[in-house]
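Undergrad: Need coordinates for the following:
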Amino acid sequence: MGHEVSRLKFSHRDRQDFREKVQACLDALATLLEKAEGEIPSPKMGMEIELNLVDENCDPAMVNAAVLADLAGPNYQSELAQFNIEINVEPRHLAGANLAALENDLRASLDLADARARDCGGRLAMIGILPTLREEHFEQKWMSADTRYTVLEEQILAARGEDIELSIAGVPLPGRSSAERLTTVAQTILPEAACTSVQLHLQVAPGDFAAYWNAAQILAAAQVVLAANSPFFAGRALWNETRLPLFEQATDTRPRELRNQGVRPRVWFGERWITSIFDLFEENSRYFPALLPDCTPEDPIAVVAGGGTPELAELTMHNGTIYRWNRPVYDPRDARVPLRLENRVLPAGPTIVDTVANAAFYYGTLCSLARSDRPLWTQMPFAAAEENLRVGAMNGFDSVLQWPVVRAVSPQDLVQRTLLPMADAGLDALGVDAALRDRYLGVIEGRCRAARNGSVWQREYVSARERAGQSRDSALRTMLCEYLERMHSGEPVHTWSW
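TA: Sure, this is the predicted structure:
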């Protein structure tokens, strides 16, 4: 979210000054984009994984401060709640055997963090939503000790003017005819901390950014169906990928009246195809008031005029509080290529090999879609891509998706017949070794053939335990304990039984 926030309160003048600085940042960015270089021959990818901490009973363990103190490295970060940490992966090129190196590095990072967690009385859980989270875990005292989280919560609640309502209608568990529903009120934004994700980053040249973002929007529904891993929240069986509606509602600054007026949510898919990355930053500044209006002394226009690369701290801060599922990122640490596309739709887990397979599928398919001679977004209404994401997150492999030419298609047919060949061709164009393409895309194909992802496995497991007489709490706890064993085994989720 840009520079660290050191202030707890902001005045009306602060907000006016911040708006003016964001506009100056936009003007500086426009000049930078005009001077930008062409296509990136070998773009770098990056990854962030958010993780949960649990105790010996698989309940949330509020020990992230102790775990991070033991890890003491820049690749490990705090997250919103005391039961979360984040692992950051060093950026790397995709070509050659780098996907295999990514898998090895992720395993080493996960093992190290898990060992430190065990030293502190916990262990790691790489899962979209921790099934043993209960409403009592969303009290203020469980928030991480970081000023930016405290200020962010105060600003969200102040903008909203009331407590946060959570209302999600689920889909029936296997063998059930009726669906469950969550309806509750939270006095903090900590339900957001339940949503642990994998965020995929890709360097993108300014001139190519619109094509890559449009392609990522189209691809989002298939990603979610393939990787869904968040079926339970607060003891209820909800969507196959409950992270999406939960994250939208937990960070919503709109009271009911503004929702009824159609005011845009801060967790946002968007509303149109774009022609430039500038469209996204400009929309953010036009539609969303600042939550953290903290200004720096930099004059971004003067920096650009002098041939430098500005920090654009205010633009970056503001952008970091608008949670697009595919988000533009400006990062001045790479002066030659300061733009990245951040993909935020994937849940964490279930295993490292599943995580790398998800990344391989995304990067390969994205490359093919973005470089297509006849772009799909010229053949598909934007609203169809948005509806696909909602339907895919709710129904998983039981979804019917809208797609050009075929009109209506199952996720399995879409992936196997259309997207997997695209993924293979895209990875080939990026220089990924053939054996690795086969390995990771084979995991995706296996999921399609079995119609089994982390969410399906969790739902089937809990349903079977309940039919055998276990209570919901007991079934969730038993399931999570077995999940953690399988998470470390490394076997992809479509091979798991119960």
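Undergrad: give the contact list for Asp14.
TA: By C-beta atoms under 8 Å, 6 or more residues apart in numbering, the contact list for Asp14 reads Pro293, Asp294, Cys295. Just so you know, the C-beta spots here come from the backbone N, C-alpha and C atoms, and that holds for glycine as well.
Undergrad: Quick check: the first one touching Val22?
TA: No - distance between Pro293 and Val22: 9.1 Å, which falls outside the contact criterion (C-beta atoms under 8 Å).
Undergrad: same question for the helix or strand harbouring Gly442, mean pLDDT?
TA: For Gly442, the host element (DSSP states H and E) is helix 434-450. Per-region confidence: helix 434-450 scores 98 on mean pLDDT.
Undergrad: got the phi/psi numbers for the residue nearest to Met422 when sequence neighbours are not counted?
TA: Distances taken as C-beta to C-beta, 6 or more residues apart in numbering put Ser368 closest to Met422, at 3.8 Å, once the chain neighbours are dropped. Main-chain dihedrals, Ser368, degrees, to the nearest 10: phi -70, psi -40.
Undergrad: Count the residues that sit near Ser368.
TA: Counted by other C-beta atoms under 10 Å, the residues lying close to Ser368 total 20.
Undergrad: cool, Leu226 as well?
TA: Leu226 has 26 neighbouring residues, counting by other C-beta under 10 Å.
Undergrad: what about it, which SS state?
TA: The assignment at Leu226 comes out as helix when based on DSSP: H, G, I helix; E, B strand; the rest coil.
Undergrad: Hmm, it is touching Ala359, no?
TA: No - with contact defined as C-beta under 8 Å, Leu226 does not count as touching Ala359 (11.8 Å).
Undergrad: Show me whatever sits in contact with both of the two.
TA: Between them, Leu226 and Ala359 share no contacting residue, judged by C-beta under 8 Å, 6+ apart.
Undergrad: Which helix or which strand is home to Phe278?
TA: Applying DSSP H and E, one finds Phe278 within helix 277-287.
Undergrad: Now do that helix: distance to the chain's middle.
TA: How far helix 277-287 lies from its chain's middle: 20 Å, per C-alpha atoms, centre = their mean, to the nearest Å.
Undergrad: returning to what we had before: ok, the residue nearest to Met422 - contacts?
TA: Counting by C-beta under 8 Å, 6+ apart, Ser368 touches Met422, Ala423, Ala425, Gly426, Ala429.
Undergrad: from memory the second one sits against Ala357, does it?
TA: Spelled out, that is Ala423. No - contact criterion C-beta under 8 Å: Ala423 and Ala357 do not qualify, at 10.1 Å.
Undergrad: got any residues that touch both of these two?
TA: With C-beta under 8 Å, 6+ apart as the test, Ala423 and Ala357 both reach Leu441, Ile444.
Undergrad: do you know how far the closest residue to Thr31 other than its chain neighbours is from Leu419?
TA: Nearest residue to Thr31 in three dimensions, chain neighbours excluded: Val304, at 5.0 Å (C-beta to C-beta, 6+ apart). Separation of Val304 from Leu419 (C-beta to C-beta, to the nearest Å): 40 Å.
Undergrad: Comparing those two, which shows the higher neighbour count?
TA: The residue with more neighbours, out of Val304 and Leu419, is Leu419; 26 against 19, by other C-beta under 10 Å.
Undergrad: JSON lines for the contacts of Asp14, including distance to Phe397 and secondary structure?
TA: Formatted as JSON lines, these follow (distance: C-beta to C-beta, whole Å; DSSP: H, G, I helix; E, B strand; the rest coil):
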{"residue": "Pro293", "distance to Phe397": "44", "secondary structure": "coil"}
{"residue": "Asp294", "distance to Phe397": "44", "secondary structure": "coil"}
{"residue": "Cys295", "distance to Phe397": "48", "secondary structure": "coil"}
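Undergrad: out of the residues you listed, which one sits closest to Ile168?
TA: Proximity of these to Ile168 (C-beta to C-beta) peaks at Pro293, which lies at 31.6 Å.
Undergrad: for the very next helix or strand once past the helix holding Gly442, which positions count as buried?
TA: Next helix or strand after helix 434-450 toward the C-terminus (DSSP H and E): helix 454-467. If you call a residue buried by 16 or more other C-beta atoms under 10 Å, then helix 454-467 has these buried ones: 454-466.
Undergrad: how far does stretch 60-80 stretch from start to finish?
TA: Terminal residues of stretch 60-80 lie 14 Å apart, using C-alpha to C-alpha, to the nearest Å.
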